[in-house]
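[1] Generate a structure from the sequence data that follows.
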Amino acid sequence: MSNWQTKKLGEVADVKLSNVDKKTKPDERVVRLCNYTDVYKNSFINSDKVEDFMIASCNENEFEKFVLKKGQVAITKDSEKRDDIGISTYISENFDDVVLGYHLSLITPYENELDGRFLHYWFNTKQAKTYFENNAGGSGQRCTLPIDIIKSVPLKLPDFPTQQKIASILSALDDKIELNNKINDNLEQQAKTLYDYWFVQNANPKWEIVTLNNFIKSDKSGDWGKEEGQGNYITRVECIRGADINGIIGKGEMKTPTRFILEKNRNKILSENDLVIEISGGSPTQSTGRLAYITTEVLERFENPLICSNFCKAISLNNPNELFYFVYSWNKAYENNVFFGFEGKTSGIKNLLFETLVSTYSIVKPDEKTLIEFQKVISTLEKQRQKNLQQNQQLSQLRDWLLPMLMNGQVKVE
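    This is a model prediction of the structure:
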């Protein structure tokens, strides 16, 4: 590391703060907008990911400044929490219709001086996070990174070829994680197709029609507990939030917070085959009703027992053979916006009227033999998904272990 140079980010890259909003104006260029959540949730941006970006517009000056190009890095510059600023994503392709939205900063490395992938991984180091937390401005409930603070980010840089080598090692791990995620998305699509074929296209008219309540054994509700152990709050758990729900708990990388709950609330701890449902949208525009399920493999991937937050609800089913049928029936209803009619509001926040929903909404109940056969087929697909998820966790741990050593020159790259 003796030949590494100390540079400020503004010396080796161009830094701009985006002001492109989410509006669409008739006299402006129509674009796809890479907004805050797109940067926050994605390690890199490619053509696959931008397919779901929202449509907006910008003027020609904004387009020239903030159209995304390969090699750039975008970071979050505003948030309610200090540890949510400085979150980065790497732009891995050139785009002719995708621009960066507001509350974000676009960083364009100077050629042969700073590698964009290297910078992206540096933003994931402890020293980067500490710098942003210590230097964030703002008042009240909002933290922000002024442009001079971003430009003053202190970097320890090896020569450019070494930067590229370090970035290649770390990105190879991320590429494999992304490949596994694509395989899992395909497996999930197979399961949805099987569900439609078995229970939508070829539904047996003799099957019984029941409400969702017919499948539910018990309600575990949620518990946010305390951030630190204190008094009777001594049971250490990891808490599933609405943001962690996406078909299956543990899909992709998760940052479940560690909490402490009352010993008497251990009955709320999640078990195999439990379901977690998001019942509060967290904002007036965010929908509710997303569901995920717990498997033995999921429980083994967490250091502590799992519980869900107060914004979610955990339930157990009467019959384990009904698990996947219930999951895909629920998700089908969610995709068809069925739950929209079962949402109330408290202080402007959407809440799912769960009890009303499960006692009112009806689906068919197939015979036991059909349920068992469907469970068997989907379980095979699920085992493949779980294997990929487990490998992703191992790859993430390896990447995070290598990251600080590569970034401080402790490990030499040949």
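
[2] Near Lys217, how many other residues are there?
    When neighbours are defined as other CB atoms under 10 Å, Lys217 has 9 of them. Bear in mind the C-beta positions are built from the backbone N, C-alpha and C, glycine included.

[3] With Asp96 instead?
    Neighbour tally, Asp96, other CB under 10 Å: 9.

[4] show me the contacts for it.
    Contact partners of Asp96, counting by CB atoms under 8 Å, 6 or more residues apart in numbering, are Val67.

[5] What separation is there between it and Val31?
    Asp96 sits 9 Å away from Val31, going by CB to CB, to the nearest Å.

[6] Overlap of the contact sets of those two?
    Shared contacts of Asp96 and Val31 (CB under 8 Å, 6+ apart): Val67.

[7] In the chain, which strand is the longest?
    strand 233-240 (DSSP state E).

[8] so where do the helices sit in the stretch 101-250 of the chain?
    Counting by DSSP state H, counting those that start in this stretch, the stretch 101-250 of the chain has helices at residues 116-122, 126-135, 147-151, 160-196.

[9] With distance to Asn267 and mean pLDDT added, can I get the ones you listed in a markdown table?
    Output for these, formatted as a markdown table (distance: least, CB to CB, whole Å; pLDDT from 0 to 100):
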| stretch | distance to Asn267 | mean pLDDT |
| --- | --- | --- |
| helix 116-122 | 42 | 97 |
| helix 126-135 | 36 | 91 |
| helix 147-151 | 47 | 95 |
| helix 160-196 | 31 | 94 |
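
[10] Can you say which of the ones you listed is packed in most?
    helix 116-122 (a mean of 25; mean count of other CB atoms under 10 Å).

[11] by contact count, what packs against it?
    If you count contacts as 3 or more CB pairs under 8 Å, 6 or more residues apart in numbering; DSSP states H and E, helix 116-122 packs onto strand 73-76, strand 88-91, strand 104-109, helix 160-196, helix 368-407.

[12] Residues contacting that helix, please?
    The contact list for helix 116-122 (CB under 8 Å, 6+ apart) reads 9, 13, 43-44, 70-73, 88-91, 107, 109, 128, 155, 163-164, 166-168, 170-171, 403, 406-407.

[13] Ok, stretch 327-344 next?
    Residues contacting stretch 327-344 (CB under 8 Å, 6+ apart): 191-192, 195, 199-200, 212, 247, 275, 281, 287-291, 293, 350-354, 356-357, 360-361, 363, 378.

[14] The same query, at a cut-off of 6 Å, please.
    Tyr195, Thr288, Gly289, Leu291, Tyr293, Lys350, Asn351, Leu352, Leu353, Thr356, Leu357, Ile363 (CB atoms under 6 Å, 6 or more residues apart in numbering).

[15] what's the answer for stretch 213-222, then?
    268, 308-310, 312-318, 322, 326, 358-359.

[16] Equivalent analysis for stretch 359-372, please.
    When contacts are defined by CB under 6 Å, 6+ apart, stretch 359-372 is touched by residues Ala203, Trp207, Glu208, Ile209, Val210, Thr211, Leu212, Asn213, Asn321, Glu322, Tyr325, Ser329.

[17] Tell me, domain by domain, which residues of this structure belong where.
    Per automatic domain parsing, the structural domains of the chain span 5-157, 158-186+367-414, 208-365.

[18] Please tabulate the helices of the stretch 101-250 of the chain in a markdown table and include distance to Glu64 as additional columns.
    A markdown table is the format used below for these (distance: least, CB to CB, whole Å):
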| stretch | distance to Glu64 |
| --- | --- |
| helix 116-122 | 19 |
| helix 126-135 | 28 |
| helix 147-151 | 18 |
| helix 160-196 | 27 |
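
[19] Which one, of these, ends up nearest to Gln384?
    helix 160-196 (5.8 Å; CB to CB).

[20] between the closest one and strand 104-109, how many degrees?
    Interaxial angle, helix 160-196 versus strand 104-109 (axes from the mean of the first three to the mean of the last three CA atoms, to 10 degrees): 130 degrees.
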